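**Q** sequence below, structure please.
(chains A and B)
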2 protein chains.
Amino acid sequence: MAFQFEILKNDVGSKARLGRMITHHGVVATPAFFPVGTQGTVKSLTPEELVEVGVEGILGNTYHLYLKPGHETIARLGGLHRFIHWERPILTDSGGYQIFSLAKLRKITEEGVTFQSHIDGSEHLLTPEKVVEIQRALGSDIAMVLDECVPYPSSHEYVKTSSKLTTRWAARCLNAKRDSDPALFGIVQGGVYRDLREESAEDLTQLDFDGFAIGGLSVGEPKSIMQDVLEWTTPVLPGSKPRYLMGVGTPEDILHAVMHGVDLFDCVLPTRNARNGTLFTSTGKVSIKQAQYADDPRPIDETCGCYACRYYSRAYLRHLYLANEILSSRLNTIHNIYYYMNWTKRIRVAIEEGNLVQFYQAQQAKINESEREGASCSETTIA
Amino acid sequence: MAFQFEILKNDVGSKARLGRMITHHGVVATPAFFPVGTQGTVKSLTPEELVEVGVEGILGNTYHLYLKPGHETIARLGGLHRFIHWERPILTDSGGYQIFSLAKLRKITEEGVTFQSHIDGSEHLLTPEKVVEIQRALGSDIAMVLDECVPYPSSHEYVKTSSKLTTRWAARCLNAKRDSDPALFGIVQGGVYRDLREESAEDLTQLDFDGFAIGGLSVGEPKSIMQDVLEWTTPVLPGSKPRYLMGVGTPEDILHAVMHGVDLFDCVLPTRNARNGTLFTSTGKVSIKQAQYADDPRPIDETCGCYACRYYSRAYLRHLYLANEILSSRLNTIHNIYYYMNWTKRIRVAIEEGNLVQFYQAQQAKINESEREGASCSETTIA
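**A** Sure thing, here's the model as predicted:
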């Protein structure tokens, strides 16, 4: 089945949309959050556990899978879905972000980007055509174009040149795409500059992509810049196609971006935080290693219905974390992904019921209350 | 319900027995193997996964749980079963083995043993009465007496003195035991000396223990010594009570010991090997990191029905192992414990059907064949 995106409802009070993406491996209700499965596994969980907490799609990192075990090996073994035993949609990035954050000795030319593997120093050339080929071999449902992810801060001149190159690469990716290939999304770049973001979005939307991603965020810029970029960019993007904010973010970030019209998210935050013992709850973040939980018989979150909260106490989770047990990562990850799935579900329900703005205001009031109570800002989430 | 042991059938061709142990938390079919859950978790697995592969009981390490999170904390939280969400039987050791293998600056007196924690150097005194109290607080189903686990090699004189002390400690443990306490097993020591093993067994069997363990093995002695010790010891033990060979062992070790009349085993081998990428299969051990598996679409063992073998290829398991992914430990552990559960089940069926000796001979023929084919001895298992 060809990729389709349907908008079921536009929110009246914001730019949010309720929709669904139809892929070869099933339907995704949007706004949606995809957990990250960098190396062909969402760290610590099985596919069955992801399904149990309601995950409808995951992200795989092309850079990692290309280097290890290699896209050709995965293709020979029947594609990424079969290799990792995951039957629902997979979105793969193009590897651009990792080339610029992990690899060594990058060299960018018109042709593509040459880099050295962070694993063994071997040299590789990725071109726009090559990343389409790799993602075809993986058998993704949604593929991304090769882009240069510029660091923050970068000069207007540098970002302008880079964005233009990203757009030319995007056009080459689209040319390389075959009918049976994954859906292909373009990536808006342009750094923190309004004119460049608008230009990038305008240029890309001339091309017939299946959706558009907003890239180059979550690279160390202040929070307010993300809001600005969304405000500048989403109005330029066509209403009929899905919008994907790459690498974002906190529950608050997701809610804000949905209100700007974003449909899709991915982020390592719930899984990485879980392994570091930081848990999202309806009353704020919990750092499970704290001594206050040593004898605490309560679940992480008394309002949560996840496997970890149904059967285990904070005391046990603290013990597992301090004892460096694998089960600690597992239970914490189940809880945090469940939290994210529940959060996006509540957002979808609020759009459906026409009260997203009230939902947003209630969350803001909750944050303000926590801050008045002296909770540290970084320890506050909204729920 | 008070602890009971029933023998359902004595093997004609060997000293093997088919039986069942009835505990407060359910029935265990013997011969049985208990995986090790040192710190309140069988590393990497949930209780549900243990049940799925057929585990009927697990072992918890008193030394570790006493130090972290502490037996009093566990008691306040409702006992070990509730703390770790495991509803089937738990056997706890006395901590003796760990005091002699992990702790620092041990000092043994008639009263008990003083040692420094390997975690923070804090000083502790464990007496026979104290280890009964700790295991009561944990709420084990089967508790062990405090013993001195003598190193290999030790002189006849040292072992004689030590075994006598272990027996006096055992009597004190029994005196400290209350009616509602866990079942209590004595531990036969005596090193590699026939007279001392027999003396230890004779002295202990004068006391009304619920079962008898054979301790002080798997401490670096040659394999043949284990056979000798079993041959000397089990005939002295009463036929009506369960016999537990502590810390043993390979599938072959278990089969040999069953034929000497042993009913119960525990060992870290299946779980530790799993995390090191060594898998038990019906055709010998598999080291999953080997390059020969890079493109191998087959399951670990084509005759195995475990979750890992149902859904994942050797190629994927190799990838997960090399990528240092948590899922690697999980899938490998499920497979290895499933292998052990299946192995003990086959032993029970062979006793039931009266063909244990034939089963043993078939396994020996298999091993001999592998050896003729030039397989390294240490890489051979029987199945």
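
**Q** buried set for stretch A:317-332?
**A** A:317-323, A:325-332 (16 or more other CB atoms under 10 Å in any protein chain shown). Glycine gets a C-beta too; all of them are placed from N, C-alpha and C.

**Q** among those residues, which ones are in helices?
**A** Within the buried residues of stretch A:317-332, residues falling in helices by DSSP state H are A:317-322, A:326-332.

**Q** out of the buried residues of stretch A:317-332, which touch chain B?
**A** The residues of the buried residues of stretch A:317-332 that also fall near chain B, by CB under 8 Å from any CB of the partner chain, are A:318-320, A:322-323, A:325-327, A:329-330.

**Q** what sits against the residue nearest the centre of chain A?
**A** Most central in chain A under CA atoms, centre = their mean is residue A:266, positioned 1.1 Å from the mean C-alpha point. Shown in contact with residue A:266 (CB atoms under 8 Å, 6 or more residues apart in numbering or on different chains): A:33-36, A:59, A:91, A:244, A:246-247.

**Q** one more: residue A:77?
**A** A:83, B:295, B:297, B:313, B:315-316.

**Q** ditto for residue A:340
**A** Per CB under 8 Å, 6+ apart, neighbours of residue A:340: A:33, A:35, A:251, A:270, A:280.

**Q** residue A:310: neighbour count?
**A** Residue A:310 has 10 neighbours, counted by other CB atoms under 10 Å in any protein chain shown.

**Q** next one: residue A:364
**A** Here the number of neighbours of residue A:364 (other CB under 10 Å) works out to 13.

**Q** pLDDT score for it?
**A** The model reports residue A:364 with a pLDDT of 91.

**Q** phi, psi for it please.
**A** phi -60, psi -40 (degrees, to the nearest 10).

**Q** thinking residue A:297 is in contact with residue A:313, fair?
**A** Yes - assessed by CB atoms under 8 Å, residue A:297 is found in contact with residue A:313 at 4.8 Å.

**Q** more neighbours, these two?
**A** Per other CB under 10 Å, whichever of residue A:297 and residue A:313 has more neighbours is residue A:313, with 21 against 14.

**Q** roughly how far apart are that one and chain B?
**A** Going from residue A:313 to chain B by CB to the nearest CB, to the nearest Å gives 6 Å.

**Q** quick check, that residue in contact with residue A:294.
**A** No - the pair formed by residue A:313 and residue A:294 falls short of the contact definition of CB under 8 Å, at 10.5 Å.

**Q** low-confidence regions, chain A specifically.
**A** Applying pLDDT under 70 to chain A flags residues A:1, A:374-383.

**Q** tell me the residues of it that contact chain B?
**A** Applying CB under 8 Å from any CB, we find that chain A lies next to chain B at A:39-41, A:43-46, A:68-69, A:73, A:76-78, A:83-85, A:294-295, A:297, A:311-313, A:315-316, A:318-320, A:322-323, A:325-327, A:329-330.

**Q** could you redo the last one with a cut-off of 7 Å?
**A** Taking CB under 7 Å from any CB of the partner chain as the measure of proximity, chain A contacts chain B at A:39-41, A:43-44, A:46, A:68-69, A:73, A:76-77, A:83-85, A:294-295, A:297, A:311-313, A:315-316, A:319-320, A:322-323, A:325-327, A:329.

**Q** mind checking which of these are in helices?
**A** Those of the residues of chain A next to chain B mapping onto helices are A:73, A:76, A:83-84, A:311, A:315-316, A:319-320, A:322, A:326-327, A:329, per DSSP H.

**Q** got CSV for those residues, with distance to residue B:231 too?
**A** Listed next are those as CSV, based on distance: CB to CB, whole Å:
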residue, distance to residue B:231
A:73, 51
A:76, 53
A:83, 50
A:84, 50
A:311, 45
A:315, 46
A:316, 43
A:319, 42
A:320, 42
A:322, 44
A:326, 39
A:327, 40
A:329, 45
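
**Q** on the three-state scheme, the closest residue to chain B within the stretch 101-250 of chain A is what?
**A** Scanning the stretch 101-250 of chain A for the residue nearest chain B gives residue A:119, at 9.9 Å (criterion: CB to the nearest CB). Assigned state for residue A:119: coil (three-state reduction, DSSP: H, G, I helix; E, B strand; the rest coil).

**Q** now do the helices in the stretch 51-200 of chain A.
**A** Secondary structure of the stretch 51-200 of chain A (DSSP state H, counting those that start in this stretch): helices at A:62-67, A:71-76, A:80-84, A:96-101, A:128-138, A:156-176, A:194-204.

**Q** would you turn these into JSON lines with distance to residue B:138 and mean neighbour count?
**A** Below are the helices of the stretch 51-200 of chain A laid out as JSON lines (distance: least, CB to CB, whole Å; neighbours: other CB atoms under 10 Å in any protein chain shown):
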{"stretch": "helix A:62-67", "distance to residue B:138": "43", "mean neighbour count": "24"}
{"stretch": "helix A:71-76", "distance to residue B:138": "47", "mean neighbour count": "18"}
{"stretch": "helix A:80-84", "distance to residue B:138": "39", "mean neighbour count": "22"}
{"stretch": "helix A:96-101", "distance to residue B:138": "47", "mean neighbour count": "21"}
{"stretch": "helix A:128-138", "distance to residue B:138": "49", "mean neighbour count": "23"}
{"stretch": "helix A:156-176", "distance to residue B:138": "60", "mean neighbour count": "19"}
{"stretch": "helix A:194-204", "distance to residue B:138": "61", "mean neighbour count": "20"}
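
**Q** would you mind measuring from residue A:267 to chain B?
**A** In this view, residue A:267 and chain B are 19 Å apart by CB to the nearest CB.

**Q** list the contacts of that residue.
**A** Listed by CB atoms under 7 Å, 6 or more residues apart in numbering or on different chains, the contact set of residue A:267 reads A:36, A:247-249.

**Q** burial count for residue A:362?
**A** Quick note: residue A:362 (other CB under 10 Å) scores 12 neighbours.

**Q** looking at this, it is in a strand?
**A** No - using three-state DSSP, the assignment for residue A:362 is helix, not a strand.

**Q** distance of it relative to residue B:22?
**A** Using CB to CB, to the nearest Å, residue A:362 is found at 55 Å from residue B:22.
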